[in-house]
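Undergrad: 3D, please:
(4 chains)
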There are 2 protein chains.
Amino acid sequence: MRLSTKGRYAVMAMVDLAKHGSGEPISLAEIAERQEISLSYLEQLFAKLRAGNLVKSVRGPGGGYLLAHGADGTRISDIILAVDEPIRATRCTPGAPTGCSGNQTRCLTHDLWEELGNQIHLYLSSVTLADVCAQRVLGRSGALHCQVQDRDDAASALPGAVAAE
Amino acid sequence: MRLSTKGRYAVMAMVDLAKHGSGEPISLAEIAERQEISLSYLEQLFAKLRAGNLVKSVRGPGGGYLLAHGADGTRISDIILAVDEPIRATRCTPGAPTGCSGNQTRCLTHDLWEELGNQIHLYLSSVTLADVCAQRVLGRSGALHCQVQDRDDAASALPGAVAAE
DNA sequence: CATATATCCGACTGCCGCAGTAGGTTTTGG
DNA sequence: CCAAAACCTACTGCGGCAGTCGGATATATG
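TA: Now for the predicted structure:
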């Protein structure tokens, strides 16, 4: 799963939609103003969100967008998956001439990235729009600590600017 | 923390170094051939790794690179932090004119990205080069499951191509 | 019907970082 | 001295992101 600011914009817009839309459709113009995202750019994002069946559209005046599955039924991972293109795989494509077999070190890291991808996906699929709206985003006491708890400095040295693009 | 193929290359090289280097230095030419990475590109990466105090260099013929802290003392997160530049922060810079205050939705997602960054960092800082070499990369039964276990379909629907760039 | 409001749609642009290349200079063992 | 290695600086092509522009289509409301 690719993590870019593009996906962040999409999530911001969807959270806005979840927060302000309850019943009647919300226009992109509103979202654009509140989130300070250009309208045309939002249109492109929502075209993909619609293709991914995450929102429904209502055309004409008074129209706009609605969440297709409600705030509880929309996972963050789905949003990002819909907006960001899947990315070229981890280089060692199965069956490639210089594939994984024979070159051991390559595949060791392959496992690592795959597992990291699973971690990210698991986390993002555990959070819904409703969670974000209600600020239920999990403090630093949940999650991975069960696995890292015996390490020395896992809690310290948190990265300064943490974001993935 | 930014996640790009650049960081992946660095980790591949470091794993190679951990696997083949035990005592005497390893030249970048060897690593370049084994990992199929251009030599000059590797040099750039190792310049940063050296600046980050992750490797030591030995000049002259027979020279090369050594792990500065051994395979057990080198975390994957450190490698990526050293190689990838920290990235422009999550847009709402503290104290900015159109900062977080006043625009609520923005900050809700801010928490989300911060927490996601923590998740990623926690995972990557829990894995050392030695872990990767020994294929101790954690199957899908560890980690986040303690938090997601009560959800319906967290295990299913694993993403096809999972990687972040 | 006319019009304003909205979604839709495709094409174009500037920018930045990645991945790679080129061409050097120092250091140092043999 | 010589060759092998680290070291250093600058440049390049490419692709995706973020944003823009100009439209086409649908549809409530007067």
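
Undergrad: before we move on, what SS does A:Arg136 have?
TA: coil (DSSP: H, G, I helix; E, B strand; the rest coil).

Undergrad: how about A:Lys56?
TA: Applying three-state DSSP: A:Lys56 is strand.

Undergrad: wait, it touches A:His69, no?
TA: No - between A:Lys56 and A:His69 there is no contact under Cβ atoms under 8 Å: 9.6 Å. For the C-beta atoms, the positions are set from N, CA and C on the backbone; glycine is no exception.

Undergrad: mind listing the shared neighbours of these two?
TA: Common contact partners of A:Lys56 and A:His69 (Cβ atoms under 8 Å, 6 or more residues apart in numbering or on different chains): none.

Undergrad: make sure A:Tyr9 is indeed in a helix.
TA: Yes - per three-state DSSP, A:Tyr9 lies within a helix segment.

Undergrad: kindly check the end-to-end length of stretch A:71-84 for me.
TA: 21 Å (Cα to Cα, to the nearest Å).

Undergrad: could you pull out the buried residues of that stretch?
TA: Residues of stretch A:71-84 classed as buried by neighbour count (16 or more other Cβ atoms under 10 Å in any protein chain shown): A:71, A:74-84.

Undergrad: near DNA strand D at all, that stretch?
TA: Yes - Stretch A:71-84 lies within reach of DNA strand D by Cβ under 7 Å from any atom of the strand, at A:Asp84.

Undergrad: and that stretch with DNA strand C, contact?
TA: No - residues of stretch A:71-84 are not located near DNA strand C by Cβ under 7 Å from any atom of the strand, the shortest gap being 13.5 Å.

Undergrad: so which residues make contact with that stretch?
TA: For stretch A:71-84, using Cβ under 8 Å, 6+ apart, the contacting residues are A:1-4, A:6-7, A:10-11, A:14, A:18, A:45, A:48-49, A:51-52, A:54, A:67-68, A:121, A:124-130, A:132-133, B:112, B:159.

Undergrad: for that stretch, the averaged confidence score.
TA: In this model, stretch A:71-84 has a mean pLDDT of 93.

Undergrad: please apply the same query to stretch A:54-68.
TA: 96.

Undergrad: is chain B contacted by that stretch?
TA: No - counting by Cβ under 8 Å from any Cβ of the partner chain, no contacts exist between stretch A:54-68 and chain B, the nearest distance being 14.5 Å.

Undergrad: about what we covered before: ok, of the contacts of stretch A:71-84, which come out buried?
TA: Buried among the contacts of stretch A:71-84 by 16+ other Cβ under 10 Å: A:1-4, A:6-7, A:10-11, A:14, A:18, A:45, A:48-49, A:54, A:67, A:121, A:124-130, A:132-133, B:112, B:159.

Undergrad: which ones among the residues you listed map onto strands?
TA: Of the buried ones among the contacts of stretch A:71-84, the ones assigned to strands by DSSP state E are A:Leu67.
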